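give the three-dimensional model of this entry:
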Amino acid sequence: MKTAPSELQGRAHPVIEHVTPRVDGGRYPAKREVGDLVVVEADVFADGHDELVCDVLWRAESDSRWRVVPMEPLVDDRWRAAFPAEHRGRYLFCVRATLDSFGTWLRDVRLKTSAGHDLTVELLVGAELLAQAAVRAERRDGSRLEALATQLRSASEAGGAEAGASEAGGPETSVSDAAGADIFQAAGLRDLRTVLDAVGSPEVAALVRRHSDPGPGVTSGAVAVVAERLKARFSTWYELFPRSASPEPGRHGTLADTKARLTYVSRLGFDVLYLPPIHPIGQTNRKGRDGARVAGPDDPGSPWAIGGSEGGHTAVHPQLGTLEDLVSLVDEAARLGIEVALDLAYQCSPDHPWVKEHPEWFRWLPDGTARYAENPPKRYEDIYPINFDTPDWQALWAELLEVVLFWVRRGIRIFRVDNPHTKPFRFWEWLIAEVQSEYPDVLFLGEAFTRPKVMKRLAKAGFTQSYTYFAWRNTKWELEEYLIELHSTEVADYLRPNFWPNTPDILTETLQHGGPGVFMARLVLAATSVASYGIYGPVFELCEHEPCTEGSEDYLHSEKYEIRNFDLDVPGTLAGFVTRLNEIRRQSQVLQHDRNLALCPVDNDQLIAYARTRAPRLSDSEADTRPIVVVVNLDPRHRQSGWVEIDLDALGIDPVTPYEACDLLTGTCYSWQGPRNFVVLDPGVVPAHILRLGPVDSELAL
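Predicted coordinates:
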């Protein structure tokens, strides 16, 4: 059976390919933040030699009217435009391409003019195109377009052939002005080249484009972009165990003690305080100190063994305080510019109420016991994982959603999610969408130290931010490869990285053996190479580095299994260094974004360098928008030096004129010139430069 060709097949010439940002062909929305300019690019081309008109059509999903932004050509048939994400929510955009009859005519007639061709008919063709646009236009624009058409007709009547010859080198030929063609009269235009320049001016081109024939053309499928609040992109996290917040050694800390610790966290410059689980802890199979299988009578157990006789995921551990204490903590934190993030760990101790109330939500072995959690060789006898394959999955999902909503209604807007990769992708896609449909400001950080594709799928499913492999990226080539992936590939459209040098589960070998210099180096890398980072403190600023056993990444005397007491004023603390680093982040706009990092070559594999540049925004805040170059010594023991090469053109800096490189960590300023400059870094002093580049007379470091 033969099928007649469609109108689109028969008359539409353009082709649209490789539209960005588009995640998995549009299956998932790309991620941006309120105030961003969403930069759209596409490959657009057509058969033949006609010029093209390309536009981005965009709207908020809740709007019915599409808005139009003209696209500009780049190179190799690539086009670009941007539209503003003015408010939080979901946006739709598509790319439209049509043949540009007027632009093609203008290009060709200019070439023919230079070649001395007869333009009598060509000028009439242009006049007809303008007249057609005038018919489609409103009265004022229509009058202007018709006046332009009249002028071209007059030029044709005055002798297009002679005019063409004049432009090719013959005697000058003038043309008469058309009645009402004020746009020409005001400019005093006489010769044909000037007439064509006026007709082809940006003003006229925009006028014709605004009233061009919309078809036949091609429009890509609609693509979604989600704009979230700014903290989705830029946040600074501090992890703290409330039970270790007591100022009195040996006493179980409380939420009230944690509230008192807020001043310290604020002084360090953090804006998110992340609390591990604050729920009752089970007694059955409770872990002892350093993860011992048998707990002592005073051992508090792991906070991740959630649930006991006092309640489960919506209860507060009695020794920590009450729900009212949590609300008070959240309110005081907000007064200091800090948000409280809670741990969301969907797992249970054997004593959790759900084990008795819903045994079908767990896996049971032939001997009648429940299967506990394992991650060989690690075994967690104190934790039962939830069986998401239960026939009662709908009731399970509803209950897990209610856990999140319970805390959201008490002021929590950020959740750090424990091991999301062990739960179904579709569950997270559903749960996050359900929560954000009612509370769109809620953010989710996914702790998924798992295979790369799994981590990426969770980000696509809706997780706001993602833990990454940063802790285990140590060599220069590992770091550079990872930073390029996170900033400059399609991954940057959906995965927002959050870099953590350490966590309660991760004391890397590098931190175990590197000394304070490596703690500072890793901190600078985390805080300056991506927009969001966090530390597990106060063990980080105190540079605790002893593992539980040789070859282990668990801390000795881990807070996961015992209550600690910390002297925050001990000599050698990095608290001042942390504070200064967070000040720099707040003051610099270029450190508050992703997708804006470029590597800088260095002739020493122990030195890594990268530039951070201004990001596309609707308007800039008070933060400094000058470019920053970061150089870090990766050798924890030895001074290293080398020549750093900077792409000054990309940073908007004159490669000939001297400029100033001010180290924001130390306040020292260097006079540099040209793209290649020498650096020396000593890990025993400060293992990194954070250099703000600017004119020689720029202010000293803030």
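
now do the same contact list for the residue nearest to residue 336 when sequence neighbours are not counted.
Counting by Cβ to Cβ, 6 or more residues apart in numbering, the nearest residue to residue 336 once its immediate chain neighbours are dropped is residue 266, at 4.4 Å. Bear in mind the C-beta positions are built from the backbone N, C-alpha and C, glycine included. Residue 266 is in contact with 336, 337, 338, counting by Cβ atoms under 8 Å, 6 or more residues apart in numbering.

which SS state does residue 266 fall under?
Secondary structure state of residue 266, per DSSP: H, G, I helix; E, B strand; the rest coil, is helix.

by mean pLDDT, point me to the weakest helix or strand of this protein.
Taking all helices and strands of the chain together, the one with the lowest average confidence (mean pLDDT, DSSP states H and E) is helix 182-185, at a mean of 41.

on the C-terminal side of that one, identify the next helix or strand.
helix 192-199 (DSSP states H and E).

summarise which helices and strands that following helix is packed against.
For helix 192-199, the packing partners by 3 or more Cβ pairs under 8 Å, 6 or more residues apart in numbering; DSSP states H and E come out as helix 101-114, helix 139-157, helix 160-167, helix 182-185.

buried residues, the first one. List them.
When you say that, I think you mean helix 101-114. Buried positions in helix 101-114, judged by neighbour count with 16 or more other Cβ atoms under 10 Å: 101, 102, 103, 104, 105, 106, 108, 109, 112, 113.

I'd like to know which elements the helix or strand that it is followed by is packed against.
On the C-terminal side of helix 101-114, the closest following helix or strand by DSSP H and E is helix 120-136. Contact here means 3+ Cβ pairs under 8 Å, 6+ apart; on that basis helix 120-136 packs against helix 101-114, helix 139-157, helix 160-167, helix 202-210.

nearest to residue 394, out of those helices?
Nearest to residue 394, of all the helices and strands packed on helix 120-136, is helix 202-210, at 52.7 Å by Cβ to Cβ.

quick one: that closest one to helix 101-114, angle?
Angle of helix 202-210 versus helix 101-114, following axes from the mean of the first three to the mean of the last three Cα atoms, to 10 degrees, is 140 degrees.

next, report how far helix 202-210 is displaced from the centre of its chain.
Using Cα atoms, centre = their mean, to the nearest Å, the mean C-alpha position of helix 202-210 is found 35 Å from that of the whole chain.

next one: the helix or strand just after it to chain centre, how far?
Heading C-terminal from helix 202-210, the first helix or strand you meet, by DSSP H and E, is strand 217-219. What separates the centre of strand 217-219 from the centre of its chain is 30 Å, taken as Cα atoms, centre = their mean.

and strand 217-219, average pLDDT?
Averaged across strand 217-219, the pLDDT comes to 89.

quick check: next helix or strand after it?
Past strand 217-219, heading to the C-terminal end, the next element that is a helix or strand (DSSP H and E) is strand 223-228.

name the helices or strands packed onto that following strand?
strand 30-33, strand 89-99.

need the contacts of residue 266 in CSV (columns: neighbour count).
As requested, the contacts of residue 266 are exported to CSV (neighbours: other Cβ atoms under 10 Å):
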residue, neighbour count
336, 14
337, 10
338, 20
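
tabulate those (CSV), appending distance to residue 618, secondary structure and pLDDT.
Supplementary listing: those in CSV, determined by distance: Cβ to Cβ, whole Å; DSSP: H, G, I helix; E, B strand; the rest coil; pLDDT from 0 to 100:
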residue, distance to residue 618, secondary structure, pLDDT
336, 28, coil, 98
337, 23, coil, 98
338, 26, coil, 98
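
just to revisit the earlier point, could you say which one of the helices and strands packed on helix 192-199 comes nearest to residue 471?
By Cβ to Cβ (comparing all of those), the closest turns out to be helix 101-114, at 53.3 Å.

excluding its backbone neighbours, what's nearest residue 673?
For residue 673, the nearest residue in space outside its immediate sequence neighbours is residue 658; the separation is 4.4 Å by Cβ to Cβ, 6+ apart.

contact partners for that neighbour?
Remark: with contacts taken as Cβ under 8 Å, 6+ apart, residue 658 is in contact with 671, 672, 673, 696.

is it correct that the last one is in contact with residue 671?
Yes - here residue 696 reaches residue 671: they are 6.4 Å apart, a contact under Cβ atoms under 8 Å.

overlap in contacts, those two.
658, 659, 660.

just those residues now: which is nearest residue 140?
Among these, residue 659 lies closest to residue 140 (Cβ to Cβ), at 49.1 Å.

thinking again about what came up before, pLDDT, distance to residue 122 and secondary structure for the contacts of residue 658 - can I get that in CSV?
Listed next are the contacts of residue 658 as CSV, based on pLDDT from 0 to 100; distance: Cβ to Cβ, whole Å; DSSP: H, G, I helix; E, B strand; the rest coil:
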residue, pLDDT, distance to residue 122, secondary structure
671, 94, 58, strand
672, 96, 55, strand
673, 93, 53, coil
696, 83, 55, coil
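
so which of those is the closest to residue 599?
Minimum separation from residue 599 among these (Cβ to Cβ) is found for residue 672, which lies at 18.4 Å.

and that closest one, how far from residue 689?
As for residue 672, its distance to residue 689 is 12 Å (criterion: Cβ to Cβ, to the nearest Å).

compare these two (neighbour count), which wins?
In this comparison of residue 672 against residue 689, neighbours counted by other Cβ atoms under 10 Å, the higher total goes to residue 689 at 26 against 21.

was I right to think residue 491 contacts residue 484?
No - contact status for residue 491 versus residue 484: not in contact, 9.8 Å apart, counting by Cβ under 8 Å.

what separates the nearest residue to residue 591 once chain neighbours are set aside from residue 594, distance-wise?
Closest residue to residue 591 apart from its sequence neighbours, by Cβ to Cβ, 6+ apart: residue 585 at 5.0 Å. Relative to residue 594, residue 585 is positioned 13 Å away (Cβ to Cβ).
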